[in-house]
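Asker: could you look at this predicted model? Sequence included:
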Amino acid sequence: MLQYHIYPGGTRRIVTFSFDDGSENDSPLIDLFDKYHLKSTFHLNGKKYAKSTAEEWQKVRTQYENHEISCHTFSHGWPSRMPSASLVGEIMKDRKILEDIAQYPVTGMSYPSGSYNSEVVATMRACGIDYARTVVSTNDFDLPENFLVWHPTCHFKRALPLVEAFMSTLESQWAKPLLYIWGHSSDLQTEQDWQQFEAVLKRLSGDRRIWYATNIDIVQYCAAQRSLKISADETVFYNPSCIDVWLEKDKTTVIKVPASKTVNLNK
């Protein structure tokens, strides 16, 4: 029996964050993430940068370089209230500007105002979006069945009790793997807000049992796992992706399958 519930380095738990809109608070927030060696995704509206110079784009690229730049539509409308053609324009204009800034394909999204429906989800897929986060907190630690309807665990202001619950299960073989905390950096308004959020980061940081990832890291890793080619007797594994992946056999053996390599357990 094989199971996919092993993550980079043989870890069994994942922590990720995302913050929407972009604000002046992103800079000190990034400083905190970097201090604790954590990763976050930042969902940005391209309209804010449409008239920026190349030099200003470089500053934005440098600011977010240890994290992920992701879409939030060009103008921050309500996707479920838009004609599909208008939504396509909002997504693709946002992608184009953010990709010029980031210098990599930007294929993540968070729904502005949490607005989505089945037609919006279909439009996201058609526009090359690989995942899209909602604002529906699950208070749970599961990976989504559909990354285009990705419900986070909780808002950062309600995170600490769930952080403690998550950390208490790190040795459990039955616990769910993912803690996903979201918010807006503009909501960090007081010294107490910053201290409370730093306490969350400090509690989560530095644990070798946890993979600290951006949103797109998780999506790409899960896709790479499921692209594995596996022999009928589950002893030979070929990884056609460019990402090293891990999986578990018979609840006892962790197998690493390097990118573009074949692993044969019979040799």
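Answerer: That came through, no problem.

Asker: okay, strands next: where are they in the chain?
Answerer: 2-3, 13-21, 41-44, 68-71, 108-110, 131-133, 154-155, 178-183, 210-212, 229-230, 236-238, 245-249, 253-257, 262-264 (DSSP state E).

Asker: same list (those) but as CSV, adding mean neighbour count.
Answerer: The way it works is simple: take the backbone N, C-alpha and C, and place the C-beta from them, glycine included. CSV is the format used below for those (neighbours: other CB atoms under 10 Å):
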stretch, mean neighbour count
strand 2-3, 12
strand 13-21, 24
strand 41-44, 28
strand 68-71, 26
strand 108-110, 27
strand 131-133, 26
strand 154-155, 17
strand 178-183, 24
strand 210-212, 22
strand 229-230, 12
strand 236-238, 17
strand 245-249, 19
strand 253-257, 16
strand 262-264, 13
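
Asker: now mean pLDDT too, for those strands, in JSON lines please.
Answerer: Converted to JSON lines, the strands of the chain look like this (pLDDT from 0 to 100):
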{"stretch": "strand 2-3", "mean pLDDT": "96"}
{"stretch": "strand 13-21", "mean pLDDT": "98"}
{"stretch": "strand 41-44", "mean pLDDT": "98"}
{"stretch": "strand 68-71", "mean pLDDT": "98"}
{"stretch": "strand 108-110", "mean pLDDT": "98"}
{"stretch": "strand 131-133", "mean pLDDT": "98"}
{"stretch": "strand 154-155", "mean pLDDT": "98"}
{"stretch": "strand 178-183", "mean pLDDT": "98"}
{"stretch": "strand 210-212", "mean pLDDT": "98"}
{"stretch": "strand 229-230", "mean pLDDT": "98"}
{"stretch": "strand 236-238", "mean pLDDT": "98"}
{"stretch": "strand 245-249", "mean pLDDT": "97"}
{"stretch": "strand 253-257", "mean pLDDT": "97"}
{"stretch": "strand 262-264", "mean pLDDT": "98"}
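
Asker: so for residue 95, which of these sits nearest?
Answerer: In this view, the strands of the chain are compared for proximity to residue 95 by CB to CB, and strand 68-71 is the closest at 6.0 Å.

Asker: which elements pack onto the closest one?
Answerer: For strand 68-71, the elements it packs on are strand 41-44, helix 84-102, strand 108-110, helix 215-226, judged by 3 or more CB pairs under 8 Å, 6 or more residues apart in numbering; DSSP states H and E.

Asker: chain center to the third one, what's the gap?
Answerer: Read it as strand 108-110. Relative to its parent chain, strand 108-110 has a centroid offset of 9 Å by CA atoms, centre = their mean, to the nearest Å.

Asker: same check, this time on stretch 97-107
Answerer: Relative to the centre of its chain, stretch 97-107 is centred 16 Å away, using CA atoms, centre = their mean.

Asker: tabulate the strands of the chain (JSON lines), appending distance to residue 85.
Answerer: Listed next are the strands of the chain as JSON lines, based on distance: least, CB to CB, whole Å:
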{"stretch": "strand 2-3", "distance to residue 85": "43"}
{"stretch": "strand 13-21", "distance to residue 85": "24"}
{"stretch": "strand 41-44", "distance to residue 85": "22"}
{"stretch": "strand 68-71", "distance to residue 85": "17"}
{"stretch": "strand 108-110", "distance to residue 85": "18"}
{"stretch": "strand 131-133", "distance to residue 85": "19"}
{"stretch": "strand 154-155", "distance to residue 85": "33"}
{"stretch": "strand 178-183", "distance to residue 85": "29"}
{"stretch": "strand 210-212", "distance to residue 85": "39"}
{"stretch": "strand 229-230", "distance to residue 85": "39"}
{"stretch": "strand 236-238", "distance to residue 85": "42"}
{"stretch": "strand 245-249", "distance to residue 85": "38"}
{"stretch": "strand 253-257", "distance to residue 85": "42"}
{"stretch": "strand 262-264", "distance to residue 85": "46"}
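
Asker: leaving out sequence neighbours, find the closest residue to residue 141.
Answerer: The shortest distance from residue 141 to any non-neighbouring residue, by CB to CB, 6 or more residues apart in numbering, is to residue 176 (3.9 Å).
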